[in-house]
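*Asks:* Have a look; sequence and predicted model below, questions after that.
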Amino acid sequence: MLQKARFLPAVLMMSIIFLLSHQPGDELELPFFIPHLDKIGHFIVYGLLAFACLHGLRPFRHAKIPLVWLNLGVVGFCCLYGISDEFHQTFIDGRTASVLDLLADTVGATAAVTSASLWWRKKTTKQGDMNAYL
């Protein structure tokens with residue numbers, strides 16, 4: 001039960017993304033003085049989703065699954081969720097699917113996974129336990 005609870009932050013982030021995507025286009029008021037604000041939002045939200053997924057998968061870091069495969073799985077999952085999010089938006093009034101939004105989603109998830117891996121590598125190297133990283 002405790003292992004499943006580790007995924008609650010990811011489920012929460014996915015719910016927030018879904019609710020934001022479900023807003024009709026005329027209800028979204030983004031400041032026009034900041035160019036590409038929505039792309040920055042996509043980058044941040046999907047980065048947070050990737051961190052939440054990594055949190056859920058933390059017990060598997062010491063399993064026989066290479067860390068690189070866990071990281072690629074998280075980025076792939078976030079990308080697939082981004083695709084489903086863009087598809088979902090095609091059914092909402094005033095909203096459309098955007099490849100650039102999907103790109104921002106994927107780049108945000110990749111940045112989060114990369115920064116988490118670098119942090120973990122630095123932490124395990126300091127402790128002298130590089131095998132825990134690999």
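*Replies:* Cool, got the structure.

*Asks:* List the buried residues for the strand or helix carrying residue 38?
*Replies:* Residue 38 belongs to helix 37-57 when assigned by DSSP states H and E. By 16 or more other C-beta atoms under 10 Å, the buried positions in helix 37-57 come out as 39, 42-43, 45-54, 56-57. The way it works is simple: take the backbone N, C-alpha and C, and place the C-beta from them, glycine included.

*Asks:* min pLDDT across those, which one?
*Replies:* By pLDDT, residue 57 ranks lowest within the buried residues of helix 37-57, coming in at 85.

*Asks:* any idea how far that residue lies from residue 10?
*Replies:* 9 Å (C-beta to C-beta, to the nearest Å).

*Asks:* Run through the residues that contact residue 89.
*Replies:* Counting by C-beta atoms under 8 Å, 6 or more residues apart in numbering, residue 89 touches 21, 95, 96, 97.

*Asks:* If we use 6 Å, what do you get?
*Replies:* Residues near residue 89 by C-beta atoms under 6 Å, 6 or more residues apart in numbering: 21, 95, 97.

*Asks:* Now for this structure, the helix or strand with the poorest mean pLDDT.
*Replies:* Counting by mean pLDDT, DSSP states H and E, the chain has its least confident helix or strand at helix 130-133, which shows a mean of 48.

*Asks:* What pLDDT is listed against the nearest residue to residue 114 once chain neighbours are set aside?
*Replies:* Leaving aside its chain neighbours, residue 114 sits nearest to residue 71 (8.0 Å; criterion: C-beta to C-beta, 6 or more residues apart in numbering). pLDDT, residue 71: 91.
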